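In: predicted model follows, preceded by the sequence.
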Amino acid sequence: MIGAQALIGSLVSAGVDTCFMNPGTSEMHFVSALDTVPEMRGVLALFEGVATGAADGYARVAGRPAAVLLHLGPGLANGLANLHNARRARSPIMTIVGGHATGHVRYDSPLQSDIEALARTVSGWVHTCGTTRDLAQDAMRAVAAARRGQIATLVLPADVSWSDGAAIAPPRPVPSPEPADADQVKVVAGLLAPGSARPADLARPADLARPADLARPADLARPADPARPAGSADPARPAAMLLLGGTALTERGLAAASRISAATGARLLAETFPARMEGGAGIPAVNRLAYLAEHAEAQLTGLDHLILAGARAPVSFFGYPGRPSDLVPAGCTVTVLAEADQDAQTALEQLADQIAAETPPVLARAGRSVVTPGPLTASTLASAIAASLPEHAIVSDEANTSGVALPQALACAPRHTLLTLTGGAIGQGLPVATGAAVAAPDRPVLALEADGSALYTIQALWTQAREQLNVTTVLLNNAAYAILRMELARTAAGEAGQRASRMLDLSDPTPGFAEISTGMGVPATRVHLAEDLDRALRRAYAEPGPHLIEAMMSR
């Protein structure tokens, strides 16, 4: 068989049976081979950033690799932003990039570029296949690398794809998650156990670079969450916090963390933008680390111990004049229970069994939200989303500034899975929702999408229409890059004059997303009131296929 047939056949045998793509001339033999290996589902995207983002969403929900097929270096470059997000999410993705035929490379034709150099910016594994004979084996090495929670990029020269002499390669064993170090579990148990004190050798020196006059302003302090202990249950015990990420945010991980918190008084916090986080009724409610550095500092203030379970030590998203980038409080120790590539949920369960054996988790109780009627604001939007959310929905959240009230509103909503903007590169929400719907066709998918972000990858709507995916998009139209308006002040860049304001504004003309959606084949409606959004959402959930609701936000 030719190389492309062996490649696709081997991928299917390894459990990689979905490929999102935007192919070109160099990939035509791969495309043709889809007819000879019907077990592989090809999903066409109109833009490479949609294909890569959809592969990310698929991998997060399915828990196994997706494939994505791109055309040469420029095609890969178009998909890099969402591969960046996928890398931060530790999503298993096998990226296949078609290359020029090996004998053609020396002519430096217009589309020739250094594909491997581009790929290495986001990939943990990169290889260019040299012979048709080796192609299927190379593909199995790529799948094995992707299963370790990274992007694996295989460059496929056109002649390697079209030539004879290939054979199906057997899949490699699926690796088990790397366990956390047992000694680290004991160390953390010692920190949290009754009577524990801060070890002198773990003490973090005071941050001498932080001026006293930059202390957290009182008006930025967030009120304590009455559903959870504000600090240590024992005033004599050091204040501790578990910062959760990765598999610590599964149902098992959250339940174990809740047991630990209830038994020891340790506070819980999830990373700002988790790749996947379970939530809603029957799941422990855990706040997320705030995006704004000053709010995050308020959440972390007073800590003696910060314990990382699948998360990294917190830093601000950007550097700001006169503010520290490291958000760990001065004098607070940082201890790793489990790294991001380790089995954090099992480590939490082991820790809970040691220090909270008889303590049950505290679960969020079901409580249907009541829609707050009136114009759409962050608060009324959140009430409508929570009130109408169906059971076991998948929520792709790229609402940005319009979504600030959503986490609190969704805490007692029906059980759901949350997918967020892991790498901060906007334009993820619609593609991730698309891939999630392909991975879980039996679950409703809700995409909460800001208008500025939507314009990066609006072509995802066409793929949703073609595949008839059950995605309901709420397009939040405030005709602005609202987050940049806020950041202009926070970066001390000065007042926005007429010319600067025009760079942060999406009006004149204001995009009509309902019309764009209809043109892409997705039925759409436009609403201005929260009660109308609630009704539109319920209608959309009740009908198969994609829908878009353009929510006109009050400015």
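Out: Looks like it arrived, so ask away.
In: low pLDDT regions in the protein?
Out: 194-237, 492 (pLDDT under 70).
In: ok, and the closest non-adjacent residue to the residue nearest the centre of it?
Out: Nearest to the geometric centre of the chain sits Ala275, at 3.4 Å (CA atoms, centre = their mean). The shortest distance from Ala275 to any non-neighbouring residue, by CB to CB, 6 or more residues apart in numbering, is to Ala89 (3.5 Å). Every C-beta, even on glycine, is put in place using the N, C-alpha and C of the backbone.
In: do Gly9 as well
Out: Gly9's closest residue in space is Ile168 (CB to CB, 6+ apart), at 4.8 Å.
In: ok, longest helix in the protein?
Out: helix 72-89 (DSSP state H).
In: may I have stretch 16-23 exported as CSV, CA atoms only?
Out: This file holds the C-alpha atoms of stretch 16-23, laid out as CSV (Å, rounded to 0.1, in the frame of the first residue of the first chain):
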residue,chain,number,x,y,z
VAL,A,16,-6.8,7.9,16.6
ASP,A,17,-9.9,7.9,14.4
THR,A,18,-10.7,11.6,13.9
CYS,A,19,-8.7,14.1,11.9
PHE,A,20,-9.5,17.8,11.7
MET,A,21,-8.0,19.3,8.5
ASN,A,22,-7.4,22.1,6.1
PRO,A,23,-5.4,20.3,3.4
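In: quick one: the helices in the stretch 301-450 of the chain?
Out: Taking DSSP state H, counting those that start in this stretch, the helices of the stretch 301-450 of the chain run over residues 344-355, 378-388, 406-410, 429-439.
In: OK, contacts around the residue nearest to Gly9?
Out: Applying CB atoms under 8 Å, 6 or more residues apart in numbering to Ile168 gives the contacts 6, 9-10, 13, 136.
In: quick check: it is in a helix.
Out: No: if the criterion is DSSP: H, G, I helix; E, B strand; the rest coil, then Ile168 is coil and not within a helix.
In: was I right about Ile307 contacting Ala239?
Out: No: assessed by CB atoms under 8 Å, Ile307 is found out of contact with Ala239, at 11.6 Å.
In: which one of those two is surrounded by more residues?
Out: For Ile307 versus Ala239, the count of surrounding residues by other CB atoms under 10 Å is larger for Ile307: 26 against 19.
In: re earlier: make a markdown table out of the helices of the stretch 301-450 of the chain and add mean neighbour count and distance to Ser26.
Out: Shown next, in a markdown table, are the helices of the stretch 301-450 of the chain (neighbours: other CB atoms under 10 Å; distance: least, CB to CB, whole Å):
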| stretch | mean neighbour count | distance to Ser26 |
| --- | --- | --- |
| helix 344-355 | 23 | 40 |
| helix 378-388 | 23 | 43 |
| helix 406-410 | 19 | 43 |
| helix 429-439 | 31 | 23 |
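In: nearest to Ala145, of the ones you listed?
Out: Checking the helices of the stretch 301-450 of the chain against Ala145 by CB to CB gives helix 429-439 as the closest, at 19.9 Å.
In: helices or strands next to that closest one in the packing?
Out: Counting contacts by 3 or more CB pairs under 8 Å, 6 or more residues apart in numbering; DSSP states H and E, helix 429-439 packs against strand 18-21, helix 48-62, strand 393-398, strand 416-420, strand 445-450, helix 451-454, helix 460-467, strand 471-477.
In: by how many degrees do it and helix 72-89 diverge?
Out: With axes from the mean of the first three to the mean of the last three CA atoms, to 10 degrees defining the directions, helix 429-439 sits at 80 degrees from helix 72-89.
In: how far off centre is helix 429-439?
Out: 11 Å (CA atoms, centre = their mean, to the nearest Å).
In: so which of the helices and strands packed on helix 429-439 is nearest Ala180?
Out: helix 48-62 (21.8 Å).
In: how about that closest one: buried residues?
Out: 48-62 (16 or more other CB atoms under 10 Å).
In: please save the CA atoms from it in CSV.
Out: Extracted C-alpha coordinates of helix 48-62, given in CSV (Å, rounded to 0.1, in the frame of the first residue of the first chain):
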residue,chain,number,x,y,z
GLU,A,48,-6.2,26.1,10.2
GLY,A,49,-6.8,27.7,13.5
VAL,A,50,-10.2,26.1,13.6
ALA,A,51,-8.7,22.7,12.8
THR,A,52,-6.1,22.9,15.6
GLY,A,53,-8.5,24.3,18.1
ALA,A,54,-11.1,21.6,17.3
ALA,A,55,-8.4,19.0,17.8
ASP,A,56,-7.7,20.5,21.2
GLY,A,57,-11.3,20.4,22.2
TYR,A,58,-11.7,16.9,21.0
ALA,A,59,-8.6,15.7,23.0
ARG,A,60,-9.7,17.4,26.2
VAL,A,61,-13.1,15.8,26.1
ALA,A,62,-12.2,12.4,24.6
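In: list the helices and strands that helix packs on?
Out: strand 18-21, strand 66-71, helix 72-89, strand 93-99, strand 416-420, helix 429-439, helix 460-467.
In: single out the most deeply packed of these.
Out: helix 429-439 (a mean of 31; mean count of other CB atoms under 10 Å).
In: name the element Ala256 belongs to?
Out: According to DSSP states H and E, Ala256 maps onto helix 251-264.
In: can you name the next helix or strand after that helix?
Out: Following helix 251-264 toward the C-terminus (DSSP H and E): strand 267-270.
In: can you list contacts of that following strand?
Out: Contacts of strand 267-270 (CB under 8 Å, 6+ apart): 228-231, 239-245, 249, 257-258, 261, 277, 284, 286-289, 299-300, 303, 311.
In: one more: stretch 402-416?
Out: Taking CB under 8 Å, 6+ apart as the rule, stretch 402-416 contacts 278-283, 285, 287-288, 364-369, 378-379, 381-383, 385-386, 389-395, 397, 399, 418, 448, 450, 476, 478, 482, 553.
In: who does the longest helix of the chain touch, helix- and strand-wise?
Out: By 3+ CB pairs under 8 Å, 6+ apart, helix 72-89 packs against helix 48-62, strand 66-71, strand 93-99, helix 115-120, strand 151-157.
In: TSV for these, including distance to Glu349?
Out: As requested, these are exported to TSV (distance: least, CB to CB, whole Å):
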stretch	distance to Glu349
helix 48-62	22
strand 66-71	29
strand 93-99	28
helix 115-120	36
strand 151-157	29
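In: that older thread, against Ala413, how distant is the residue nearest to Ala275?
Out: 23 Å (CB to CB, to the nearest Å).
In: for Ser60, which non-adjacent residue is closest in space?
Out: In this structure residue 60 is Arg, not Ser. Arg276 (4.9 Å).
In: would you check how far apart the one you found and Thr264 are?
Out: Distance of Arg276 to Thr264, given as CB to CB: 26 Å.
In: before we move on, the earlier item: closest one of the buried residues of helix 48-62 to Ser32?
Out: Ala51 (18.6 Å).
In: wait, that closest one touches Ala66, no?
Out: No: counting by CB under 8 Å, Ala51 does not reach Ala66; the two are 9.7 Å apart.
In: intersection of neighbour lists for these two?
Out: Phe20.
In: restricted to strands, list the contacts of strand 267-270.
Out: 240-244, 277 (DSSP state E).
In: from these, pick the one nearest Phe30.
Out: Met277 (35.0 Å).
In: contacts only, for that closest one.
Out: 249, 270, 288, 417-418, 420.
In: check the gap between it and Cys19 for me.
Out: 27 Å.
In: ok so, going back, dump the residue contacts of the residue nearest to Ala275.
Out: Residues in contact with Ala89 (CB under 8 Å, 6+ apart) are 56, 60, 275-276, 422-423.
In: apply 10 Å and report the result again.
Out: 56-57, 59-60, 149, 246, 273-276, 419-423, 428, 432 (CB atoms under 10 Å, 6 or more residues apart in numbering).
In: which of the contacts of strand 267-270 are buried? Put it as a ChimeraX command.
Out: Buried members of the contacts of strand 267-270, defined by 16+ other CB under 10 Å, are picked up in ChimeraX with:
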select :228,229,231,239,240,241,242,243,244,245,249,257,258,261,277,284,286,287,288,289,299,300,303,311
